[in-house]
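> model this:
(one chain, ligands or ions: 2)
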Amino acid sequence: MAPRKIIIDTDPGQDDAVAILLALASPEEIEVVGITSVAGNVPLALTTKNALMICELAGKADVPVHAGCDRPMGRELVTAEYVHGATGMDGPNLPDPTMPLQEQHGVDFIIDTLRSNPPGTITLCPLGPLTNIATALEKAPDIAERVHQIVLMGGAYFEVGNVTPAAEFNIYVDPQAAEIVFKSGIDIVVMPLDVTHKALVTKERNAAFRALGNAAGTAVAQMTDFFERFDREKYGSPGAPLHDPCVTVYLIRPELFSGRHVNVEIETTSELTIGMTVADWWGVTDRKPNATFMGSVDADGFFTLLTERLARL
Ligand code: RIB
Ligand code: CA
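Ligands and ions are numbered 1, 2, ... in the order given. As a prediction, this is how the structure comes out:
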């Protein structure tokens with residue numbers, strides 16, 4: 001079977017980095033057509049630099065990286081240095097990137113890629129706020145019917161929020177963008193905190209990364225050692241939740257996940273709950289299902305795959 005062609009839209013972020021490394025280590029299943037950076041965990045200049053660094057860490061300096069939007073569609077940027085550190089990639093000490101950044105804006109790259117490939121052949125994989133995706137849909141409404149699928153990390157329902165009591169970070173940063181994406185009619189698979197909080201880097205799993213003995217394995221061990229602090233303190237977790245890698249693992253082994261096709265709406269006005277993903281998990285409304293909302297994952301299968309693939313880099 002031909003590899004799935006994807007665009008990764010990202011705000012690295014240590015967990016974004018692991019998701020990107022896994023994708024670049026899996027050419028049988030995934031062809032990374034390009035990477036677009038977005039403001040989120042840290043400002044755009046840093047998410048862009050981090051995306052370039054990650055490609056070079058994977059030995060894939062030929063992957064086109066395009067900088068996207070530097071702020072949300074309708075509100076001030078909120079960042080997460082308290083989780084990811086000042087650089088967004090604290091933990092390893094990676095060299096500054098030398099590969100070039102592409103000239104074209106990330107939003108235009110998304111539009112042009114969708115228009116220049118046959119309909120239904122490009123999957124969008126947003127790992128941060130949905131600003132670039134929504135901006136592309138607003139600028140070029142014709143692309144919506146050309147997207148094969150959107151597989152995104154964002155939202156929460158039973159797990160509730162990680163940045164407010166109601167909202168998960170990616171949706172909270174740009175709720176207007178999330179509303180546009182969830183109302184686009186595109187086939188959407190959602191990896192919310194409900195499932196990502198079950199993909200935890202325990203000490204044993206971290207040791208397996210380090211034992212690989214390669215630069216990627218060591219860097220991932222250092223990244224997850226750093227960014228687990230927030231979740232340990234807040235949730236008492238035994239390790240860092242690998243939020244964004246859930247997207248990449250799904251592309252390779254979807255059977256590791258289970259969820260429901262339900263209606264998901266985004267709160268965009270209430271200051272109390274803005275950014276909440278209101279998932280009609282129990283079907284109590286007549287609102288049309290618009291997303292497959294994941295709730296569980298085979299964590300051992302997840303980490304076995306991830307570790308095996310990191311060994312390739
Ligand atoms: O809430 C977790 C999400 O926010 C992840 O994508 C993480 O990288 C941050 O962007
Ligand atoms: Ca992210």
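
> does the helix or strand that contains Thr48 come close to ligand 2?
Assigned by DSSP states H and E, Thr48 belongs to helix 44-57. No. On the criterion C-beta under 5 Å from the ion, helix 44-57 is out of touch with ligand 2, staying 8.7 Å away. In short, each C-beta sits where N, CA and C put it, glycine included.

> Pull out the buried residues from that helix.
Going by neighbour count (16 or more other C-beta atoms under 10 Å), the buried part of helix 44-57 is 44, 46-57.

> quick check, nearest of those to ligand 1?
Thr47 (9.3 Å; C-beta to the nearest ligand atom).

> and the residue nearest the centre of the chain, what pLDDT?
Nearest to the mean C-alpha position of the chain, by C-alpha atoms, centre = their mean, lies Leu127 at 1.7 Å. Among the per-residue scores, Leu127 holds a pLDDT of 99.

> can you check Thr248 too?
Taking Thr248 on its own, its pLDDT is 99.

> and what of the one 10 residues further on?
At Ser258, the pLDDT value in this model is 98.

> for it, which residues make a bridge with it?
Ser296 (DSSP bridges).

> That one and Ser296, how far apart?
If you measure Ser258 against Ser296 using C-beta to C-beta, to the nearest Å, the figure is 5 Å.

> Identify the contacts common to the two.
With contacts defined as C-beta atoms under 8 Å, 6 or more residues apart in numbering, no residue is shared by Ser258 and Ser296.

> Could you count how many residues lie near Asp286?
7 (other C-beta atoms under 10 Å).

> ok, the residue of the stretch 51-200 of the chain found nearest ligand 1 - contacts?
Proximity of the stretch 51-200 of the chain to ligand 1 (C-beta to the nearest ligand atom) peaks at Phe169, 3.7 Å away. Taking C-beta under 8 Å, 6+ apart as the criterion, Phe169 is in contact with Gly40, Asn41, Ala80, Asn162, Val163.

> Farthest pair within those residues?
The largest separation in those, counting by C-beta to C-beta, is between Gly40 and Asn162 at 13.4 Å.

> Just the CA trace of stretch 258-267, in CSV.
Taking C-alpha atoms only, stretch 258-267 is exported to CSV below (Å, rounded to 0.1, in the frame of the first residue of the first chain):
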residue,chain,number,x,y,z
SER,A,258,-10.8,3.2,20.0
GLY,A,259,-13.4,6.0,20.2
ARG,A,260,-16.7,7.1,19.0
HIS,A,261,-18.1,9.1,16.0
VAL,A,262,-19.9,11.9,17.8
ASN,A,263,-20.8,15.6,17.5
VAL,A,264,-18.1,18.0,18.8
GLU,A,265,-18.8,21.7,19.1
ILE,A,266,-16.4,24.4,20.3
GLU,A,267,-17.2,27.0,22.9
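
> who's in contact with it?
155, 166-167, 171, 175, 178-179, 182, 188, 190, 195, 273-281, 283, 285, 287-297.

> Can I have the buried ones of those as a PyMOL selection?
In PyMOL, this line selects whichever of those come out buried by 16+ other C-beta under 10 Å:
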select buried, resi 155+166+167+171+175+178+179+182+188+190+195+273+274+275+276+277+278+279+280+281+290+291+292+293+294+295+297
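
> as a whole number, average confidence for the helix holding Thr48?
According to the model, helix 44-57 has a mean pLDDT of 98.

> hmm, back to that, out of the contacts of stretch 258-267, who's near ligand 2?
Checking the contacts of stretch 258-267 against ligand 2 (C-beta under 5 Å from the ion), there are no matches.

> tally of neighbours for Glu81?
Neighbours of Glu81 using other C-beta under 10 Å come to 14.

> from what I can see it touches Gly88, true?
Yes. Counting by C-beta atoms under 8 Å, Glu81 touches Gly88, with 7.4 Å between them.
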